[in-house]
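# next come a sequence and a model predicted from it.
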Amino acid sequence: MKVDELTSEQLVSWFLMACYAYYEVHNPIMEDREFDLLTARLKDEWDSIDHPHKSLITPSHLDATTGYDIKYPTIVKYSAMEVIDENK
């Protein structure tokens, strides 16, 4: 995945999926460097993003580059599992 090619809205989806995969499934779907780049872009573009799950992410999540305590919606869980399955 190329973080620089994602739309602003896709950043939210990928942040949530990456956090879920890492913290809940213990199967990362991206490298640490990619996740750091994704988080940096998400912080930079935060004010212009309109995504239904944006409210699940707080500024402290972005500052700490973590989403360990997020209550992930079902669609995030299924989407992350699809990415994991595709990468087997």
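Sure thing, it's come through.

# from now on I want contacts and neighbour counts done on CA atoms only, so please keep to that.
OK.

# now Lys77: how far from Lys71?
To Lys71, Lys77 is 10 Å away according to CA to CA, to the nearest Å.

# more neighbours: these two, which one.
Neighbour tally, Lys77 and Lys71, criterion other CA atoms under 10 Å: the higher count belongs to Lys77, 17 against 12.

# what does the helix or strand containing that one contact?
Assessed by DSSP states H and E, Lys77 sits inside helix 74-86. With CA atoms under 8 Å, 6 or more residues apart in numbering as the test, helix 74-86 has contacts from Ser13, Leu16, Met17, Ala18, Tyr20, Ala21, Asn27, Ile29.

# which residues does the residue most central in space within the chain contact?
Taking CA atoms, centre = their mean, the centroid of the chain lies closest to Phe15, which sits 0.8 Å from it. With contact set as CA under 8 Å, 6+ apart, Phe15 has these partners: Phe35, Leu38, Thr39.

# what's around the last one, how many residues?
Going back to what we said before, that points to Thr39. Neighbour tally, Thr39, other CA under 10 Å: 23.

# out of the contacts of Phe15, who's nearest Asp47?
For these, the minimum distance to Asp47 (CA to CA) is 13.8 Å, reached by Thr39.

# let's see the pLDDT reported for the closest one.
Looking at Thr39, its pLDDT is 97.

# and the gap between it and Asp85?
According to CA to CA, Thr39 and Asp85 sit 24 Å apart.

# ok, Phe35 next?
Separation of Phe35 from Asp85 (CA to CA): 19 Å.

# how about Ser13?
Taking CA to CA as the measure, Ser13 falls 17 Å from Asp85.

# neighbour count winner among the two?
Neighbour totals were compared for Ser13 and Asp85, and Ser13 leads with 18 against 9 (other CA under 10 Å).

# show me what contacts the more buried one?
By CA under 8 Å, 6+ apart, Ser13 lies in contact with His53, Val76.

# please, where are all the strands along the chain?
Counting by DSSP state E, the chain has no strands to list.

# where does it dip in pLDDT?
Scanning the chain for pLDDT under 70 picks out nothing.
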